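Q: Structure here, sequence nowhere to be found:
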């Protein structure tokens, strides 16, 4: 069913599911993946059943962090599991507002730091290897379900892939959509520097024609994933047509802003890739305010000044009238409604 929802920031938020703690539980671990030389960092958020000491996750000079009970016992029960992929240059902890909020609504969120595409370890030439990101999530799910004590609390019939920006592409890869190298080359040629993702990769010297087609076009579906959530995903113009038209999984697509202001690279509306209309079982959600960077954590008071001084991207600058905290609450509520 194709649905268009315009979500207002005045949306009434439902109460979170009841647990014995007022914060979510959080823990970190590392795991091995057959396609990586080094161990990968991961985290798990979940409904806390006991209070332990509090920690502030994802707090730094730019972003506000989220409080959690570190290593707390999980609240009794079985929960849906969301496997989360961050955007290019981001990391699992600076989007902790999302993981924390969803965990407090009765979900488990398994997240990863993608090597070569994570804060402090990111380059265009490594980030373009999008197939490695999907394999990271599959290896993470393998390791978690096989080895982690919290795996017994996972509802194995309710495993979802979820991601933002390039991580949104990763979530869709696990849901069965396949990218096409030539379609992506054509997209970059068509829009040039108006396509923010292509510009980012070109600045790093990426030669799109030289991308390994077998990898870029490969099957990355994880059959354990029963649905997907993609927030402002990258490369939505570059999917193989048959994998879009033949996909029957429930998929939630979320865009910020309006059709006139939205980045070309992530626009899934009628002025963009129109992915929401092309997928048979998609729910396409437009949240009326914000921009791509509004998904990132709330910024500290001096953050914009610090970013300007370092000539960094304006990741703390939102469109006029945007309340990032309220927008985040709408995102959490929108995803929670989809998961029900």
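A: On my side now, so go ahead. Owing to the predicted nature of the structure, the values given are computational and were not obtained by experimental measurement.

Q: residues touching residue 267, list them.
A: Neighbouring residues of residue 267 by Cβ atoms under 8 Å, 6 or more residues apart in numbering: 255, 259, 273. C-beta coordinates here come from the backbone N, C-alpha and C atoms, glycine included.

Q: Which ones among those residues lie within strands?
A: In this view, these that belong to strands under DSSP state E are residue 255.

Q: Assign a three-state SS to the closest residue to residue 172 other than its chain neighbours, would you?
A: Closest residue in space to residue 172, ignoring its immediate chain neighbours: residue 230 at 5.2 Å, by Cβ to Cβ, 6 or more residues apart in numbering. Assigned by DSSP: H, G, I helix; E, B strand; the rest coil, the conformation of residue 230 is strand.

Q: Show me what counts as buried in the host helix or strand of residue 304.
A: Taking DSSP states H and E as the definition, residue 304 sits inside helix 303-309. Within helix 303-309, the residues scored as buried using 16 or more other Cβ atoms under 10 Å are 303-304, 307.

Q: Tabulate these (a markdown table), appending pLDDT and distance to residue 292.
A: Output for these, formatted as a markdown table (pLDDT from 0 to 100; distance: Cβ to Cβ, whole Å):
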| residue | pLDDT | distance to residue 292 |
| --- | --- | --- |
| 303 | 91 | 17 |
| 304 | 87 | 16 |
| 307 | 88 | 15 |
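
Q: Please name the residues that touch the residue nearest to residue 327 when sequence neighbours are not counted.
A: Spatially, and ignoring its direct neighbours in sequence, residue 327 is nearest to residue 290 (4.9 Å; Cβ to Cβ, 6+ apart). In this structure, residue 290 makes contact with 256-257, 318-319, 322, 324, 327, judged by Cβ under 8 Å, 6+ apart.

Q: Would you check that residue 114 makes contact with residue 85?
A: Yes. In this structure, residue 114 is within contact of residue 85 by Cβ atoms under 8 Å, at 7.0 Å.

Q: Mind listing the shared neighbours of those two?
A: Taking Cβ under 8 Å, 6+ apart as the contact rule, residue 114 and residue 85 both touch 133, 136.

Q: Could you pick out the longest helix of the protein?
A: helix 130-147 (DSSP state H).

Q: Now do that one, average pLDDT.
A: The pLDDT scores in helix 130-147 average 97.

Q: can you pull out the strands in this protein?
A: Under DSSP E, the chain gives strands at 3-7, 24-31, 40-47, 54-57, 66-70, 79-85, 108-112, 117-118, 121-122, 154-164, 227-231, 251-256, 282-287.

Q: Please tabulate the ones you listed in TSV, including the columns mean pLDDT and mean neighbour count.
A: Below are those laid out as TSV (pLDDT from 0 to 100; neighbours: other Cβ atoms under 10 Å):
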stretch	mean pLDDT	mean neighbour count
strand 3-7	49	13
strand 24-31	98	20
strand 40-47	98	24
strand 54-57	96	16
strand 66-70	97	22
strand 79-85	98	26
strand 108-112	98	27
strand 117-118	88	24
strand 121-122	85	15
strand 154-164	98	22
strand 227-231	98	27
strand 251-256	97	26
strand 282-287	95	22
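
Q: related to what we said a few turns ago, not counting the helix holding residue 304 itself, show me its contacts.
A: With contacts defined as Cβ under 8 Å, 6+ apart, helix 303-309 is touched by 61-63, 313-317.

Q: so who does the closest residue to residue 321 other than its chain neighbours touch?
A: Of all residues not flanking residue 321 in the chain, residue 289 sits nearest, at 6.3 Å (Cβ to Cβ, 6+ apart). Neighbour list for residue 289: 9, 256-257, 318-319, 321-323, 327 [criterion: Cβ under 8 Å, 6+ apart].

Q: rerun that using 7 Å as the cut-off
A: Going by Cβ atoms under 7 Å, 6 or more residues apart in numbering, residue 289 touches 9, 319, 321-322, 327.

Q: for residue 191, same thing?
A: 198, 264.

Q: now do the one 4 residues further on
A: For residue 195, the residues meeting the contact criterion (Cβ under 7 Å, 6+ apart) are 187-188, 264-265.

Q: which of these has the most neighbours?
A: Sorting those by how many neighbours each has (other Cβ atoms under 10 Å) puts residue 265 first, at 25 neighbours.

Q: Next one: it from residue 334, what distance?
A: Distance of residue 265 to residue 334, given as Cβ to Cβ, to the nearest Å: 21 Å.

Q: and the closest residue to residue 168 other than its chain neighbours, what is it in contact with?
A: Spatial nearest neighbour of residue 168, chain neighbours left out: residue 233 (2.6 Å); criterion: Cβ to Cβ, 6+ apart. Applying Cβ under 7 Å, 6+ apart to residue 233 gives the contacts 163, 165, 168-169, 172, 266.

Q: Same list, the residues you listed, but as a markdown table with distance to residue 204 please.
A: Converted to a markdown table, those look like this (distance: Cβ to Cβ, whole Å):
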| residue | distance to residue 204 |
| --- | --- |
| 163 | 21 |
| 165 | 16 |
| 168 | 20 |
| 169 | 17 |
| 172 | 23 |
| 266 | 19 |
